[in-house]
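In: okay, predicted coordinates and the sequence, questions at the end:
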Amino acid sequence: MSKKVKLETTFEHEDLFIIGINSAMPDYKLIWNLNKSLKLNFTKEEDFVFETLRTKEKSAFSYYSYHDSENFKTYYFLSNNVENRYIIDEYKNMNFLLMVKGNNQGVFINDLITLVKNIKNVLLVLPFDLSKIKSLELILNDFELFIIDLNLKKKESKSSIKKIKITKG
């Protein structure tokens, strides 16, 4: 009998909030507006490559992040639609995902949704009911592994830059 291995995720549902955003703006324009409206500083990261559940094809979804160490929150922004492939199939009408991990109190969430709704050319903002996303655990596990891999690449890059400086020196 084979053993079942369960991957533990640090993306706990209690401290994760996801909203969907529908807008005709390209991701970089929406990010500029989010940075301006929310007073954040999203940066473009490597695309999140995800094997979509419906088509079983890998697609590269644009990805931006911002870590707010003062308020103990991390913001993740992803496209949700690449050539009719979706990260979250249950919300196909949302072409962008804004995930906030951290201390998400009701007042903060309501203010966040209101600020995003007030951005020109944002058509719809919808808080997701995480219990209705069938493959949430799989998506979050893949995303977490992606984040870990991305952070390792950043550390390796920084250490190679330090080695170059030391040898020049």
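Out: Structure received.

In: nearest residue to the middle of this protein?
Out: Centroid check for the chain by Cα atoms, centre = their mean gives Y76 as the closest residue, at 3.1 Å.

In: what's next to the helix or strand hosting it, contact-wise?
Out: Taking DSSP states H and E as the definition, Y76 sits inside strand 73-79. Residues from elsewhere that reach strand 73-79 (Cβ atoms under 8 Å, 6 or more residues apart in numbering): 27, 31, 34, 40, 42, 48, 61-68, 87, 95-104, 143. In short, each C-beta sits where N, CA and C put it, glycine included.

In: burial of M99, as a residue count?
Out: Residues lying near M99 (other Cβ atoms under 10 Å) number 18.

In: circling back: buried ones among the contacts of strand 73-79?
Out: Taking 16 or more other Cβ atoms under 10 Å as the criterion, what is buried in these is 27, 31, 34, 40, 42, 48, 61-67, 87, 95-102, 143.

In: from those, which ones fall inside strands?
Out: 48, 61, 63-67, 96-102 (DSSP state E).

In: pLDDT weak spots in the protein?
Out: 1-13, 158-169 (pLDDT under 70).

In: let's see that with 90 instead.
Out: Low-confidence segments of the chain (pLDDT under 90): 1-15, 51-57, 70-72, 83-84, 89, 102-109, 129-132, 134-135, 151, 153-169.

In: that one: helices as residue ranges?
Out: All helices of the chain, identified by DSSP state H, fall at 27-38, 106-117, 136-168.

In: so which of those helices is the most surrounded?
Out: Comparing the helices of the chain by mean neighbour count (mean count of other Cβ atoms under 10 Å), helix 27-38 comes out on top with a mean of 17.

In: check which helices and strands that one sits against.
Out: Counting contacts by 3 or more Cβ pairs under 8 Å, 6 or more residues apart in numbering; DSSP states H and E, helix 27-38 packs against strand 73-79, strand 96-102, helix 106-117.

In: 7 Å instead, please
Out: Of the remaining helices and strands, none touches helix 27-38 by 3 or more Cβ pairs under 7 Å, 6 or more residues apart in numbering; DSSP states H and E.

In: need the contact partners of that helix.
Out: For helix 27-38, the surrounding residues in contact (Cβ atoms under 7 Å, 6 or more residues apart in numbering) are 23, 40-42, 62, 64, 77, 79, 96, 115, 118-119.

In: run the last query once more with 6 Å
Out: Contacts to helix 27-38, defined as Cβ atoms under 6 Å, 6 or more residues apart in numbering, come from residues 23, 42, 62, 64, 79, 115, 119.

In: could I get the helices of the chain in a markdown table, plus columns for distance to K56?
Out: Formatted as a markdown table, the helices of the chain follow (distance: least, Cβ to Cβ, whole Å):
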| stretch | distance to K56 |
| --- | --- |
| helix 27-38 | 24 |
| helix 106-117 | 32 |
| helix 136-168 | 13 |
